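Student: The sequence and its predicted three-dimensional model are supplied below.
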Protein chains: 2
Amino acid sequence: MDGKIVNLKSKIEIYKAMTDGANFADCPVRDVIHGINGKWSPLLVMALAEKPYRFGELRRLVPDISQRMLTQTLHELQRDGYVHREVFPTKPPSVEYSLTDLGRSMFVPLYHLVQWAELNHDAVRDARAAFDARM
Amino acid sequence: MDGKIVNLKSKIEIYKAMTDGANFADCPVRDVIHGINGKWSPLLVMALAEKPYRFGELRRLVPDISQRMLTQTLHELQRDGYVHREVFPTKPPSVEYSLTDLGRSMFVPLYHLVQWAELNHDAVRDARAAFDARM
DNA sequence: AGTGCTGGTCTCTTTTTGAGACTGCCAACA
DNA sequence: TGTTGGCAGTCTCAAAAAGAGACCAGCACT
């Protein structure tokens, strides 16, 4: 599939962009990817792409995340500029998290990757089963 | 940016696909994303998208990966069907790793994400600096 | 006075990752 | 002949990250 040679030169340039500097701190691309790449980051971005959510709502929406990792991941997403955090001074103060413009922009390619996963999880599952059977 | 409402309904469906089952084992999409999402997986897929490489070549190409994680990540990529491993019976046996069709297919959306990172790392870096300055 | 909701933090345990020594085989070199 | 070096890993141990769950203050309702 996808037999067409899409910008082979670009591929090499991007790959070099990922290996330049020989470590994360020196390579911006790897640094950015690392921020998107956390265990919970994609899931939370997908959730917030639908609509803004409050802390407790996210916790209930993703039951198998610990409060510790929810706090920490939201903090990182906020720090990298993907997520906006707003506190409302209600009786028990509530906090709303939403995607920024940068976050919505990043969501576009992330969404493509998730779509790919949705379309191809059968192939991956089959490959995994075949591999395990061979062992 | 990206003001257009791209398939809001699809977004919600995909998001539901990611939360269905309430844990990784029960949710195929999260399971697949998790496989792509490892710390070293995207980098190795980017490298192998350029051309096949041998174990030692990959180790030299990515100097800050440990042999342990290189072995393990390649093994996982092979298990999920993204990477093909071929042993050549040369004097010291050499092993070549290459992308499968499934791997090349997955590379397409991954590549878009990496391109996004390349185009936007300045924005992320700025957001991070602004956030840290506010602290 | 007790219960529950808010958005977290703190501590402890388990899992994952990293650093690097070690293996067996063979070829080239001194 | 002994030594060195490359190949593709495995193994062990220490460090870092993640998970589980107790705990916090403030307010509302009962």
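Tutor: That came in fine, so what should we check first?
Student: what's around the residue in chain A that DNA strand C sits nearest to, how many residues?
Tutor: Nearest to DNA strand C in chain A, going by C-beta to the nearest atom of the strand, is A:Gly56, at a distance of 2.8 Å. C-beta coordinates here come from the backbone N, C-alpha and C atoms, glycine included. Neighbour count for A:Gly56, taken as other C-beta atoms under 10 Å in any protein chain shown: 13.
Student: For the residue nearest the centre of chain A, give me its contacts.
Tutor: Geometric centre of chain A, nearest residue: A:Pro42, 2.6 Å, by C-alpha atoms, centre = their mean. Neighbouring residues of A:Pro42 by C-beta atoms under 8 Å, 6 or more residues apart in numbering or on different chains: A:36, A:110, A:114, B:18, B:33, B:37.
Student: Helix or strand for the residue of chain A closest to DNA strand C, just tell me which one.
Tutor: Under the criterion of DSSP states H and E, A:Gly56 resides in helix A:55-61.
Student: Ok, A:His121 next?
Tutor: Counting by DSSP H and E, the element that carries A:His121 is helix A:101-134.
Student: List the buried residues of that helix.
Tutor: By neighbour count with 16 or more other C-beta atoms under 10 Å in any protein chain shown, helix A:101-134 contains the buried residues A:102-118, A:120-121, A:123-124, A:127-128.
Student: right, is it up against DNA strand D?
Tutor: No: using C-beta under 7 Å from any atom of the strand, helix A:101-134 never reaches DNA strand D; the gap is at least 14.4 Å.
Student: Can you check the pLDDT for A:Gly38?
Tutor: Per-residue confidence for A:Gly38 comes out at a pLDDT of 91.
Student: hang on, it is in a helix, isn't it?
Tutor: No: according to DSSP: H, G, I helix; E, B strand; the rest coil, A:Gly38 belongs to no helix; its state is coil.
Student: Just the pLDDT for the residue nearest to the centre of chain A.
Tutor: pLDDT, A:Pro42: 94.
Student: Where does A:Val87 sit: helix, strand or coil?
Tutor: strand.
Student: Quick check: which element contains the residue lying closest to it once chain neighbours are set aside?
Tutor: Nearest residue to A:Val87 in three dimensions, chain neighbours excluded: A:Val95, at 5.2 Å (C-beta to C-beta, 6 or more residues apart in numbering or on different chains). Assessed by DSSP H and E, A:Val95 sits inside strand A:94-99.
Student: Same question for A:Arg68.
Tutor: Using DSSP H and E, A:Arg68 falls within helix A:67-79.
Student: Counting neighbours, what do you get for A:Ile33?
Tutor: A:Ile33 has 24 neighbouring residues, counting by other C-beta under 10 Å.
Student: Would you check that it makes contact with B:Tyr111?
Tutor: No: in this structure, A:Ile33 is not within contact of B:Tyr111 by C-beta atoms under 8 Å, at 11.7 Å.
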